[in-house]
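S.K.: Just the structure for this:
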Amino acid sequence: LAFAVIVAGLATLVFGSGPAIVASRIDAARLLTSTNEHATAPARGRQFLVAAQIALASLLLVIAGLMTQSLRGLLRADLGFQADGVLALRVASMDTTAAARVRRGELVAHLEQTPGIDAVAMAGCTPFDIACVFTLGARSLDDADASARAPELEYHAVSASYFRVMRIPIMAGRAFLAEDTTASTQRVILSTSAARRLFGTKSPIGRQIVLDVRAPRPMEVVGVVHDVRFTSVEAAASPAVYVLAGEDARSPRLNTMLFVRTTLAPEAALQAIARTVRADNAPLSIAKAERVVDIVRAATSSTRFVATLLLGFAASAALLAGLGIYGVVSYIVSQRLREFGVRLVLGAEGRDLVLATLRRGVWLVGGGVAAGLVAASLGARLLGSFLYGIGTFDLVTDLIVVALVIALGMIATFIPARRITRIDPAAILKG
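M.R.: Coordinates of the predicted model:
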């Protein structure tokens, strides 16, 4: 608040001192004998300030338009999964005995039989939880150069139905099966970019990889899935490896995510899940529940906030520019009433005088818009890293801004210019 008061005071002092200095230098004798020549210089100063306002409004409108386009691109981005209709529940339990693990397995089967629930899966992390996702080096056993640095892959432990719940497309091979948990060789699934990184153009199905862990063992690739953006909506998907998750009997507690695809409303789905948990007497507690759609929306909240803030600033600047145009044109018209009256007496058409005033407004607005577009082209380059799916120059955004600002300027000019058509030449000349 104190900062705002100080800035407002300084702005008043700076912009108020100019007119005061000009007024103090006016020759009173010449002022009494002149018509409007002394009004010309102040009017030019006002026109310059209004042009600066228009340039600032155009700059902010262009930047806000680019940020809005970027936000639209983010919301339409291919994340690799379908968030609609999926609930994410943080579940925990202190009971990790064999009997508890069996009951939790039965619970998942019973949940999938609940009307309105299509599929249930477990995974360690929710999308965009950067603190949860980690990477491991991975190497193909076909790689002849074992000394080369192993590519880093995101590591995800998921249950067999995870890809069905999240609707992640299978690009090659198959998804996990229940019998994969008892296979002699551990089965893994790679993302498209991971398969390309490890095997190039060769098919990875049936081939083996090893991960950089303490006791590496060969793992068989049984499938390839679409790339998924786990760490950020803006960033490209990272290469990933998926392993079939199971409860670790050595862990002192269970803490994982339960993903539920449902056609029910979130409240109804949570009630159905709670009823099933109570009916099964499952050793499980639900710590947190949220829609995956909301998780995605939260991941774009910073971009949404910046776009909304810039739109607010741009709208305010455009309103101030419109008021400035209105004030300048009103001042010019009031100073030239006698001149307009003489012209009307000499046969000029009121319509022609209004058009001349509008042309003056067009030049004023045009100059401001041109300066604003130049400034916007420079400012957009600074924001290039914050833009997604759109360049720093967008012709459609620029044309929309030009049309909006010119329309605003014409309205603000036409309202005071209409006074010319209501001038009574006789009354003006007598006055």
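
S.K.: Downstream of the longest helix seen in the chain, the next helix or strand is which one?
M.R.: When the chain is parsed with DSSP state H, its longest helix is helix 37-75. Using DSSP states H and E, the next helix or strand after helix 37-75 towards the C-terminus is strand 86-93.

S.K.: what about P425, how many residues close to it?
M.R.: Around P425 there are 16 other residues, counting by other Cβ atoms under 10 Å. (Glycine included, C-beta is placed from N, CA and C.)

S.K.: just L395 next, same as before
M.R.: L395 has 7 neighbours, counted by other Cβ under 10 Å.

S.K.: now S316
M.R.: When neighbours are defined as other Cβ under 10 Å, S316 has 12 of them.

S.K.: Ramachandran coordinates for it?
M.R.: S316 has phi and psi values of phi -60, psi -40 when expressed as degrees, to the nearest 10.

S.K.: Just say helix, strand or coil for the nearest residue in space to D84 that is not next to it in sequence.
M.R.: Closest residue in space to D84, ignoring its immediate chain neighbours: V293 at 6.1 Å, by Cβ to Cβ, 6 or more residues apart in numbering. Going by DSSP: H, G, I helix; E, B strand; the rest coil, the secondary structure assigned to V293 is helix.

S.K.: give me every residue that touches V293.
M.R.: Residues in contact with V293 (Cβ atoms under 8 Å, 6 or more residues apart in numbering) are A83, D84, V86.

S.K.: and those, which are buried?
M.R.: Among the contacts of V293, those that count as buried by neighbour count (16 or more other Cβ atoms under 10 Å) are A83, V86.

S.K.: Please identify which of the contacts of V293 is nearest to G105.
M.R.: Nearest to G105 among the contacts of V293 is V86, at 20.9 Å by Cβ to Cβ.

S.K.: Grab the nearest non-local neighbour of that closest one.
M.R.: If you skip the residues right next to it in sequence, V86 has V292 as its closest partner in space, 4.3 Å away by Cβ to Cβ, 6+ apart.

S.K.: List the residues that contact the one you found.
M.R.: Taking Cβ under 8 Å, 6+ apart as the definition, contacts of V292 comprise A83, V86, L87, A88, T126, P127, F259.

S.K.: what's the least confident helix or strand in the chain, going by average pLDDT?
M.R.: Of all regular secondary-structure elements in the chain, judged by mean pLDDT, DSSP states H and E, the least confident is helix 28-33 with a mean of 53.

S.K.: What ranges does the chain have for its helices?
M.R.: With DSSP H applied, the chain shows helices at 2-24, 28-33, 37-75, 98-112, 162-166, 192-199, 266-280, 292-299, 301-335, 337-345, 350-382, 395-417, 425-430, listed in chain order.

S.K.: Pull out the buried residues from stretch 325-340.
M.R.: When neighbours are counted by 16+ other Cβ under 10 Å, the buried residues of stretch 325-340 are found to be I325, Y326, V328, V329, S330, Y331, I332, V333, Q335, R336, L337, F340.

S.K.: A268 contacts T114, correct?
M.R.: No: between A268 and T114 there is no contact under Cβ atoms under 8 Å: 10.7 Å.

S.K.: Now the common contact residues for the two.
M.R.: Listed as contacting both A268 and T114 by Cβ under 8 Å, 6+ apart is no residue at all.

S.K.: coming back round to it: quick one: distance of the longest helix of the chain to the chain centre.
M.R.: Taking the mean of its C-alpha atoms, helix 37-75 sits 23 Å from the chain's own mean (Cα atoms, centre = their mean, to the nearest Å).

S.K.: Ok, stretch 411-431 next?
M.R.: 48 Å.

S.K.: before we move on, what about stretch 408-421?
M.R.: Centroid separation between stretch 408-421 and its chain, computed with Cα atoms, centre = their mean, is 38 Å.

S.K.: low-scoring stretches of this structure, by residue?
M.R.: 1, 4, 11, 14-44, 143-148, 246-254, 385-386, 427-431 (pLDDT under 70).

S.K.: E154: how many residues sit nearby?
M.R.: If you count neighbours by other Cβ under 10 Å, E154 ends up with 20.

S.K.: and it, what are its bridge partners?
M.R.: Using DSSP bridges, the beta-bridge partners of E154 come out as T135, A240.

S.K.: L344 versus that one, what's the distance?
M.R.: With distances defined as Cβ to Cβ, to the nearest Å, the gap from E154 to L344 amounts to 78 Å.

S.K.: again with L310
M.R.: L310 is 46 Å from L344, by Cβ to Cβ.

S.K.: now A237
M.R.: When distances are taken as Cβ to Cβ, A237 and L344 turn out to be 71 Å apart.

S.K.: cool, E152 as well?
M.R.: Counting by Cβ to Cβ, the gap between E152 and L344 amounts to 81 Å.

S.K.: which of those two has more neighbours?
M.R.: Counted by other Cβ under 10 Å, E152 and L344 do not tie: L344 has more neighbours, with 20 against 16.

S.K.: In contact with that one: list those residues for me.
M.R.: G350, L353, I423, P425.

S.K.: Make a PyMOL selection of whichever of those turn out to be buried.
M.R.: One line in PyMOL is enough to select the buried members of those, burial here meaning 16+ other Cβ under 10 Å:
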select buried, resi 353+423+425
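
S.K.: Would you format the contacts of L344 as CSV with distance to Q208 included?
M.R.: Formatted as CSV, these follow (distance: Cβ to Cβ, whole Å):
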residue, distance to Q208
G350, 89
L353, 87
I423, 92
P425, 97
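
S.K.: I'd like to know which of the contacts of L344 is nearest to L59.
M.R.: When the contacts of L344 are compared for distance to L59 (Cβ to Cβ), L353 comes out closest, at 33.1 Å.

S.K.: tell me the contacts of that closest one?
M.R.: Applying Cβ under 8 Å, 6+ apart, the residues near L353 are F340, R343, L344, I420.
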